[in-house]
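**Q** any chance you can model this:
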Amino acid sequence: MKTAVLSRCPHELATCWQGCGGAPGEGHAAVKLHVRWEVKRGNLQGPKLTHGRTSDRSSPLKEEPLPAGSLYIADLGYLDWGSIATRRAAGSYTLTRAQARTMYWTPEGKPLQLDPLLPQRVGQTKELWVRVGDQHRYLMRLLIIRVPEEVAQRRRADLEAEALRRNQPIRQRAWELADWTILLTDVPAHLLSLQEALVLMRERWQMEILYKLWKQYGQIDEWQTTNQWRILCELYAKLIGLLLQHWLILLFAWHDEQRSLVKLAQVVRDTACSLLEALAGNHSFGAALQSIQRRMRSGCQMNKRRKHPNSAQLLQRRSTNWALSP
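**A** Predicted structure coming up:
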């Protein structure tokens, strides 16, 4: 699950979508898009729109049930031990990064210090069952891997940039733990290995690609007017168009594991005029769909890579020789 925030809305729209404030004339209006993506079949829940100030933990998708046996992966903003326990009771699992400030206990309930458990060699791993959450003391598997120095340096650079952007001190504990990828899951080891967990956590970045399609290419935070109500109409219209784009991708290309969402979205943009003419009754709708299908099934695959395998390659291997960078 993931959210995107459109914070460039005109401040006049604060009566519809309230932001968090900020500099004069900025941040007073913002809309947040909440999306849950079922990656195996491509189905989307959402986007559901809320005020920009709505926290991720208050997402309207939070109470939506998950199929039994499914695996839930989301940003740290959604981390909630009570919700994790509820999902497990309903038959689904969770995989998440651990917050730097997370406290741990042994399965028997004794306090557990993290630092002595941290592997010291690059690529070395550690795995054990722990309890987490001050109130819930929920039982989960703790998965740790020591990352290469260049990965740790990138993480610390990101922490510095975030601290500068927020005008706040660097999070010291996160700085100290940048040398390790630390995951938590309630999936038993016979269903999910540490290597498989690393690969699946990487799939979380497919949501970033989805929002890139919507914001960079779909331009949902760009508009051609200064009238606030026309801006609102343009946003809604673009979201409808992007959902139609996603439907076409599911219909014609989701079966291909090496599909490139960026290339497929380009096909939709290139054929948008013919599709609109067909919807208006000026041309055959079936012929327009067949044209889109032909283009999507030729030349819209990701480039296979040896040194840095793409997402589909890693899923096929079910293992990775690199650690998560974010």
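**Q** quick check, central residue of this protein?
**A** By Cα atoms, centre = their mean, the chain has its centre lying nearest to Met207, at 3.7 Å.
**Q** and Ser260, how far from Cys300?
**A** For Ser260, the distance to Cys300 equals 6 Å [Cβ to Cβ, to the nearest Å]. Every C-beta, even on glycine, is put in place using the N, C-alpha and C of the backbone.
**Q** and for Leu251?
**A** In terms of Cβ to Cβ, Leu251 sits 13 Å off from Cys300.
**Q** so for those two, which sits in the more crowded spot?
**A** Higher neighbour count among Leu251 and Cys300: Cys300, with 21 against 14, using other Cβ atoms under 10 Å.
**Q** that one contacts Trp254, correct?
**A** No. The criterion here is Cβ atoms under 8 Å, and Cys300 misses it with Trp254 at 11.6 Å.
**Q** which residues does Tyr72 contact?
**A** 1, 66, 87, 92-95 (Cβ atoms under 8 Å, 6 or more residues apart in numbering).
**Q** export these to TSV and tack on secondary structure and distance to Arg137?
**A** Listed next are the contacts of Tyr72 as TSV, based on DSSP: H, G, I helix; E, B strand; the rest coil; distance: Cβ to Cβ, whole Å:
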residue	secondary structure	distance to Arg137
Met1	coil	24
Leu66	coil	23
Arg87	helix	17
Ser92	coil	20
Tyr93	strand	18
Thr94	strand	16
Leu95	strand	19
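**Q** which one of the residues you listed sits closest to Trp229?
**A** Closest to Trp229 out of these is Met1 (30.3 Å), distances taken as Cβ to Cβ.
**Q** returning to what we had before: what two of the contacts of Tyr72 are the furthest from one another?
**A** Longest span within the contacts of Tyr72, Cβ to Cβ: Met1 and Tyr93, 14.3 Å.
**Q** domain parsing for this protein?
**A** 1-64, 66-191, 222-326 (automatic domain parsing).
**Q** list the buried ones in the top helix by length along the chain?
**A** Criterion DSSP state H: the longest helix present in the chain is helix 228-252. Using 16 or more other Cβ atoms under 10 Å as the test for burial, helix 228-252 gives 228, 231-232, 234-235, 238-239, 241-242, 245-246, 248-249, 252.
**Q** looking at these, spot the one nearest Asp56.
**A** Leu239 (19.5 Å).
**Q** go ahead and confirm the closest one touches Gln219.
**A** No. If you go by Cβ under 8 Å, Leu239 and Gln219 don't touch, sitting 11.5 Å apart.
**Q** my read: Ile220 touches Lys238, true?
**A** Yes. The pair Ile220 and Lys238 qualifies as a contact (Cβ under 8 Å) at a distance of 4.8 Å.
**Q** output the domains of the chain in JSON lines; the columns should cover distance to Lys215 and mean pLDDT.
**A** Shown next, in JSON lines, are the domains of the chain (distance: least, Cβ to Cβ, whole Å; pLDDT from 0 to 100):
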{"stretch": "domain 1-64", "distance to Lys215": "7", "mean pLDDT": "80"}
{"stretch": "domain 66-191", "distance to Lys215": "16", "mean pLDDT": "93"}
{"stretch": "domain 222-326", "distance to Lys215": "9", "mean pLDDT": "82"}
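**Q** make TSV from the ones you listed and add distance to Glu203 to it.
**A** As requested, those are exported to TSV (distance: least, Cβ to Cβ, whole Å):
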stretch	distance to Glu203
domain 1-64	6
domain 66-191	7
domain 222-326	6
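**Q** would you say Thr225 is within a strand?
**A** No. Using DSSP: H, G, I helix; E, B strand; the rest coil, the assignment for Thr225 is coil, not a strand.
**Q** which residue is the nearest non-sequential neighbour of it?
**A** Closest residue to Thr225 apart from its sequence neighbours, by Cβ to Cβ, 6 or more residues apart in numbering: Ile231 at 6.1 Å.
**Q** for Leu118, same thing?
**A** Trp180 is the one closest to Leu118 (Cβ to Cβ, 6+ apart), at 5.7 Å.
**Q** next: Leu183.
**A** Leu143 (4.3 Å).
**Q** what helix or strand is the one you found located in?
**A** Counting by DSSP states H and E, the element that carries Leu143 is strand 138-146.
**Q** can you name every helix or strand that that strand contacts?
**A** Using 3 or more Cβ pairs under 8 Å, 6 or more residues apart in numbering; DSSP states H and E, the elements in contact with strand 138-146 are helix 81-89, strand 125-132, strand 180-185, helix 194-202.
**Q** since that was my last question, I'll sign off now.
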